[in-house]
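Undergrad: turn this into a model:
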Amino acid sequence: RDPDFAVDADALRRLPAVAALDTIARWLEDAPELRRFADERRVREARLQLARSEAVADIGWQIGARRLGDGDDIGLVAGISVPFGSRRRAAPTIRAAQSELAALEIEREADRLSLYATLVDAHGRYQGARLEADRLDEEIVPALTRAAEATATAYRAGAASYLEWSQVQAEAVAARRQRLDAAVDALRALIEIQRLTARSFLDDTDTRTPPADRDAAVAPGRPQGDA
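TA: Residues are numbered from 1 along each chain as shown. All right, here's what the predicted structure looks like:
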């Protein structure tokens, strides 16, 4: 069975304002791509600590009693053993652990910069598409809708041709289509921002719903006097 896809019309009208780029950039620390480094860093720090502990000499000592000569005298005997070369033997392991930890930091910073570049692009695309949708909602679509209504009235009165009405109507439809495309572009960018920051920007209190008459087609009817 073929999958059935549906478009959420409300989502195409909800284009919320998002925080400034510098604010959102601080939320990148919550990105899944960066969170994974925290656990790996703890593992590598533990390896480094273990390597350093192996460099510390394990001093051993012992104590006992010994009979002195053929008599009944007993003496206390103590001994200490200090292994040499522990630090030298552990040095390569320590350097390797330090290198692994430093490499992890470099990898994390490279990923962070890549994510930041992606965020800058997505933020810019969202702001641009949202402004375009605003302009179409507030200026272009209403103006073309009024023009289509006026042309339809003129056509019914015999003062405009059907071609004139159809051209204006086509422009109004094209503007609404352009607004829809801008909304789709904005939502794609917003989804990318949400993925990067692990935050949602859509809620029920920040919505922009264009008036219903912007999407209504203007019916021309028939010019007066037509048989």
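
Undergrad: please, which helix or strand holds the nearest residue to Glu54 once chain neighbours are set aside?
TA: Nearest residue to Glu54, sequence neighbours excluded (C-beta to C-beta, 6 or more residues apart in numbering): Ala90, at 4.5 Å. C-beta here means a position set from N, CA and C on the backbone, and glycine is covered the same way. Per DSSP states H and E, Ala90 falls inside helix 86-135.

Undergrad: so what does that helix touch, helix or strand wise?
TA: Here helix 86-135 touches helix 21-26, helix 32-54, helix 162-197, going by 3 or more C-beta pairs under 8 Å, 6 or more residues apart in numbering; DSSP states H and E.

Undergrad: ranking the ones you listed by burial, who's on top?
TA: Highest mean neighbour count of these: helix 162-197, a mean of 18 (counted as mean count of other C-beta atoms under 10 Å).

Undergrad: ok, residues contacting stretch 105-120?
TA: With C-beta atoms under 8 Å, 6 or more residues apart in numbering as the test, stretch 105-120 has contacts from 21, 24-25, 28, 31, 33-34, 37, 41, 192-193, 196-197.

Undergrad: any weak-confidence spans in this structure?
TA: Where the chain drops to pLDDT under 70, the residues are 1-13, 55-87, 89, 202-227.

Undergrad: go again with 80.
TA: 1-14, 30, 51-91, 201-227 (pLDDT under 80).

Undergrad: just to revisit the earlier point, can you put the contacts of stretch 105-120 in a markdown table and add distance to Ala143?
TA: Output for the contacts of stretch 105-120, formatted as a markdown table (distance: C-beta to C-beta, whole Å):
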| residue | distance to Ala143 |
| --- | --- |
| Leu21 | 32 |
| Ile24 | 34 |
| Ala25 | 38 |
| Leu28 | 41 |
| Ala31 | 42 |
| Glu33 | 45 |
| Leu34 | 46 |
| Phe37 | 52 |
| Arg41 | 57 |
| Glu192 | 32 |
| Ile193 | 31 |
| Leu196 | 37 |
| Thr197 | 37 |
